[in-house]
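In: A predicted structure for the sequence below; I have some questions about it.
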Amino acid sequence: METANEDSFQEFVLNLPRGKDWDGAPLLLYNDTWYPAYCIRGVVSFQQNFRAQATDIIVASLPKSGTTWLKALIFSVVNRDRYSPKESPLITTPPHELVPFFENDLYLKSQNPNLDFPPPRILACHAHYTSLPQSIGDSNCKIVYICRNPLDQVVSYFHFLRNRVSGSTKPLSSIDECFESICSGVQSHGPFWNSMLSYWKASLERPNKVLFLKYEDLKEDIILNLKRLAEFSGFPFTEEEEKDGVIEEISRLCSFDNLKDLEVNRNGVHSSGFSNSAFFRKGEVGDWGNHLTPSMAERFWKIVEEKLDGSGLTFKLSQ
Ligand code: PAP
């Protein structure tokens, strides 16, 4: 599919299967992934034009799985020699601007965005592993994927959609509205099982290439997981740093309470049309219990079990 020709691009888009997100926003099925229609140009352009460098670090996730947190953590780990936590750019810039998305930011704005910044470049995507540009797989760059208990992901997603600032969608009033389509995997960058399983498999096959993290594990032991992240990305903490409490400092800087309260994250709107504050809601494990009815939870959990069955990837119902 060549994007150079606008007519053929329009025809390509017209021929994609269509669906609706939870709030009615249009989705397009491309490469077995439901993409928000507004970013399909960015998706295709990213796939066709991105050339990875060996030093790149790619943050990958399904939306509402801990992306914002992971962006803040990896940015802080990699740049800790340049900025002390007190001078961190995170204090004045939202994590999503420091670590931009390929599809709904860089390649949406331009087919050939300027990616000429000093290595390591940290960039993000919601694409499944199987849909990444070939150069990411071929190069020695690293991928860090974060996923989350799908019950919490779904609840987080519901609240997020209710916060959409612009767009022509109707406000979502109740969580059981159109829940059926969520159960069939029709959501932004869904189905969730394809996203998770593609990276899970890749992390088993290429452990030096793909680090697979879970939101719940980070919540349980952020220090251990920061060490894993630093080691994997090639920036391990020294013994002296450990003694000096550098890991704790980074974990505090990137904590939900700290980031949520920063002026920069309480105001402003992200280019995707969501307020910056919408990326920080509750930050807890198990909030699904407060929002899904027992029958909805049971139904959804069954899908989780069925879809992940035999993969070795599991989630706990309660922590
Ligand atoms: P995105 O994919 O649209 O960027 P993402 O950051 O993956 O969203 O998910 C947002 C969730 O992470 C929210 O969860 P909740 O709705 O259950 O509260 C958000 O609160 C949570 N979150 C954001 N920052 C942090 C953080 N620093 N620590 C823990 N959770 C966080």
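Out: Right, received. Where do you want to start?
In: spell out which parts of the stretch 101-250 of the chain neighbour the ligand.
Out: Applying Cβ under 6 Å from any ligand atom, we find that the stretch 101-250 of the chain lies next to the ligand at Asp152, Ser156, His159. (C-beta placed from N, C-alpha, C; glycine too.)
In: if we go to 5 Å?
Out: Ser156 (Cβ under 5 Å from any ligand atom).
In: check the stretch 101-250 of the chain for the residue nearest the ligand and tell me.
Out: Using Cβ to the nearest ligand atom, Ser156 is the residue of the stretch 101-250 of the chain that sits closest to the ligand, at 3.2 Å.
In: let's verify that residue: helix, strand, or coil?
Out: helix (DSSP: H, G, I helix; E, B strand; the rest coil).
In: measure the residue found closest to it once you drop the neighbours it is linked to in the chain to His291 for me?
Out: In space, and not counting its chain neighbours, Ser156 is closest to Lys64: 4.0 Å by Cβ to Cβ, 6 or more residues apart in numbering. Here the criterion is Cβ to Cβ, to the nearest Å. By it, Lys64 lies 13 Å from His291.
In: the more surrounded of the two?
Out: Lys64 (26 against 16; other Cβ atoms under 10 Å).
In: just the helices in the stretch 1-150 of the chain please.
Out: For the stretch 1-150 of the chain, the helices defined by DSSP state H, counting those that start in this stretch occupy 6-14, 40-49, 67-78, 95-98, 107-109, 134-138, 150-161.
In: just say which of those is most tucked in.
Out: helix 67-78 (a mean of 25; mean count of other Cβ atoms under 10 Å).
In: which secondary structure elements does that one sit against?
Out: strand 57-61, helix 95-98, strand 122-125, strand 142-147, helix 222-232, helix 246-253, helix 256-261 (3 or more Cβ pairs under 8 Å, 6 or more residues apart in numbering; DSSP states H and E).
In: now do the strands in the stretch 151-300 of the chain.
Out: 210-214 (DSSP state E, counting those that start in this stretch).
In: my read: Ser275 touches Phe160, true?
Out: No: counting by Cβ atoms under 8 Å, Ser275 stays clear of Phe160, with 10.3 Å between them.
In: and the helices of the stretch 1-150 of the chain as a markdown table, adding mean pLDDT?
Out: Below are the helices of the stretch 1-150 of the chain laid out as a markdown table (pLDDT from 0 to 100):
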| stretch | mean pLDDT |
| --- | --- |
| helix 6-14 | 92 |
| helix 40-49 | 96 |
| helix 67-78 | 98 |
| helix 95-98 | 96 |
| helix 107-109 | 94 |
| helix 134-138 | 97 |
| helix 150-161 | 94 |
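In: with respect to Glu177, which of the ones you listed lies nearest?
Out: Across the helices of the stretch 1-150 of the chain, Glu177 has its closest neighbour in helix 150-161 (9.2 Å, Cβ to Cβ).
In: so what does the closest one touch, helix or strand wise?
Out: So helix 150-161, by 3+ Cβ pairs under 8 Å, 6+ apart, packs with helix 294-308.
In: gap between Leu262 and Pro63?
Out: 22 Å.
In: same question for Ile223.
Out: For Ile223 relative to Pro63 (Cβ to Cβ), the value is 27 Å.
In: show me the beta-bridge partners of the residue sitting nearest the centre point of the chain.
Out: Closest to where the C-alpha atoms of the chain average out (Cα atoms, centre = their mean) is Ser61, at 3.3 Å. Here Ser61 sits in beta bridges with Ile146, going by DSSP bridges.
In: now do the contacts for it.
Out: With contact set as Cβ atoms under 8 Å, 6 or more residues apart in numbering, Ser61 has these partners: Thr67, Leu70, Ala124, His126, Tyr145, Ile146, Cys147, Ser195.
In: derive a PyMOL selection command for the buried subset of those.
Out: Only the buried entries of the contacts of Ser61 go into this PyMOL selection, using 16 or more other Cβ atoms under 10 Å:
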select buried, resi 67+70+124+126+145+146+147+195
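In: closest to Asp56 among the contacts of Ser61?
Out: The closest of these, once distances to Asp56 are taken by Cβ to Cβ, is Ala124, at 11.1 Å.
In: is it true that the closest one touches Pro100?
Out: Yes: using Cβ under 8 Å, Ala124 is in contact with Pro100, at 6.8 Å.
In: what's around the closest residue to Asp21 other than its chain neighbours, how many residues?
Out: For Asp21, ignoring the flanking residues on the chain, the nearest one in space by Cβ to Cβ, 6+ apart is Leu27 at 5.3 Å. Leu27 has 26 neighbours, counted by other Cβ under 10 Å.
In: Ala60 and the ligand: what is the separation?
Out: 10 Å (Cβ to the nearest ligand atom, to the nearest Å).
In: ok, the closest residue to that residue other than its chain neighbours - contacts?
Out: Leaving aside its chain neighbours, Ala60 sits nearest to Tyr145 (4.6 Å; criterion: Cβ to Cβ, 6+ apart). Each residue near Tyr145 by Cβ under 8 Å, 6+ apart is listed here: Ala60, Ser61, Tyr129, Tyr199, Ser203, Val210, Leu211, Phe212, Leu213.
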